[in-house]
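Peer 1: Predicted model and sequence below, questions to follow.
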Amino acid sequence: MSSLTFHDVSVVKGEAAILSGISIALSERRVAIIGRNGSGKSTFARLFNGIETPSRGEIHIDGVAGSRTLRRNVGFVFQNPDNQIVYPIVGEDIEFGLKNLKLPPAEREKRIVAILDQLSLHHLRDQMTHKLSGGEKQLIALAGVLVMQPKWIVMDEPTTLLDHWNKNRFMRILNSLRQNVIMVSHDHDLLSGFDRVLHIDNGKLVDDGVPATVIPSYLKRSKC
Ligand SMILES: Nc1ncnc2c1ncn2[C@@H]1O[C@H](COP(=O)(O)OP(=O)(O)OP(=O)(O)O)[C@@H](O)[C@H]1O
């Protein structure tokens with residue numbers, strides 16, 4: 001079991017405190033982050049894999065600190081897959097991170113085939129990435145993250161651009177992943193099966209618990 005721990009983490013940009021004094025330990029399989037626009041959710045999510053670094057405090061994965069360790073063990077799926085897909089051919093794009101790891105070709109091929117199997121995406125391997133649908137692009141972006149074999153995957157509103165059908169397909173795949181998942185979402189219907197929900201408001205962690213308590217309490221507050 002892997003754990004991610006924040007020790008009194010704050011993020012300050014210029015004069016603005018974006019996140020303040022967050023201390024938390026996560027080891028659940030499915031964790032959601034909710035909160036209103038501008039509350040600090042994306043900043044919080046980006047801290048988990050070292051894209052964002054704390055101004056104060058420390059983040060540990062399995063007891064080890066440092067953004068290189070976080071980047072190696074925590075994958076990140078963006079809201080818009082166009083920000084993630086860099087190569088013109090699907091197979092090349094999935095292979096990109098593996099080349100950076102300097103894995104030998106046979107090992108790269110083994111991992112790519114396994115991921116395409118897992119997500120049922122073999123038919124897209126030789127396709128041009130710019131011709132894919134939004135749903136296909138989001139799955140290819142996910143494949144590019146999974147192929148790196150992270151322990152955790154953080155997703156920042158990954159279903160926002162998907163239609164109902166693709167959203168359901170994406171969530172089915174998400175449910176089948178063995179990795180721990182942290183997902184930022186405004187779509188509360190998707191979160192009922194999650195183990196834990198974190199509510200961020202004005203840069204602070206204001207609620208933390210199971211969906212059945214945190215989500216109704218968030219909705220009640222947002223009516224005020
Ligand atoms: N680099 C930056 N410099 C200054 N302010 C920033 C920076 N990045 C984010 N902010 C501010 O920090 C606050 C939180 O932003 P963040 O994107 O984390 O919120 P969010 O909860 O993800 O919002 P949304 O739901 O709209 O995506 C916002 O007020 C934003 O303008």
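Peer 2: Cool, got the structure.
Peer 1: And the strands in the chain, which stretches?
Peer 2: Using DSSP state E, the strands of the chain run over 4-13, 16-26, 30-34, 56-61, 64-65, 74-77, 152-156, 180-184, 196-201, 204-209.
Peer 1: and the third one with strand 4-13, angle?
Peer 2: What separates the directions of strand 30-34 and strand 4-13 is an angle of 20 degrees, with axes from the mean of the first three to the mean of the last three Cα atoms, to 10 degrees.
Peer 1: now for strand 30-34, which elements pack on it?
Peer 2: Secondary-structure packing of strand 30-34 (3 or more Cβ pairs under 8 Å, 6 or more residues apart in numbering; DSSP states H and E): helix 41-48, strand 180-184, strand 196-201, helix 211-222. In short, each C-beta sits where N, CA and C put it, glycine included.
Peer 1: how far does that strand sit from the chain's center?
Peer 2: Chain-centre distance of strand 30-34: 10 Å, with Cα atoms, centre = their mean, to the nearest Å.
Peer 1: Same question for the shortest one.
Peer 2: Using Cα atoms, centre = their mean, the mean C-alpha position of strand 64-65 is found 19 Å from that of the whole chain.
Peer 1: and for that strand, what are the contacting residues?
Peer 2: If you take Cβ atoms under 8 Å, 6 or more residues apart in numbering as the criterion, strand 64-65 is touched by 58-59.
Peer 1: One more: the fourth one?
Peer 2: Outside of strand 56-61, the residues within contact range by Cβ under 8 Å, 6+ apart are 2-10, 12, 21-23, 47-48, 65, 69-70, 73-74, 151-152.
Peer 1: can you rerun that using 6 Å?
Peer 2: 4-10, 65, 69-70, 73 (Cβ atoms under 6 Å, 6 or more residues apart in numbering).
Peer 1: any idea which of the strands of the chain scores lowest on pLDDT?
Peer 2: Ranked by mean pLDDT, the strands of the chain bottom out at strand 64-65, with a mean of 92.
Peer 1: okay, and for the chain, where does confidence drop off?
Peer 2: Along the chain, segments meeting pLDDT under 70 span 224.
Peer 1: how about the residues of this protein near the ligand?
Peer 2: Applying Cβ under 6 Å from any ligand atom, we find that the chain lies next to the ligand at 13-14, 16, 18, 35, 37-43.
Peer 1: For these, which two are the farthest from each other?
Peer 2: Gly14 and Gly35 (21.4 Å; Cβ to Cβ).
Peer 1: Give me the distance from stretch 9-25 to the chain's centre.
Peer 2: Using Cα atoms, centre = their mean, the offset of stretch 9-25 from its chain centre is 19 Å.
Peer 1: Restricting to C-alpha, output it in CSV.
Peer 2: Extracted in CSV, the C-alpha atoms of stretch 9-25 (Å, rounded to 0.1, in the frame of the first residue of the first chain):
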residue,chain,number,x,y,z
VAL,A,9,2.0,22.6,2.9
SER,A,10,1.4,26.1,1.6
VAL,A,11,1.7,27.7,-1.8
VAL,A,12,2.1,31.4,-2.2
LYS,A,13,2.3,33.2,-5.6
GLY,A,14,3.4,36.8,-5.3
GLU,A,15,1.3,38.3,-2.5
ALA,A,16,-1.5,35.6,-2.8
ALA,A,17,-1.8,32.6,-0.5
ILE,A,18,-3.2,30.0,-2.9
LEU,A,19,-3.0,27.1,-0.5
SER,A,20,-2.5,27.3,3.3
GLY,A,21,-1.3,24.8,5.9
ILE,A,22,-2.5,21.5,4.4
SER,A,23,-1.6,18.4,6.4
ILE,A,24,-3.0,15.1,5.2
ALA,A,25,-2.1,11.5,4.7
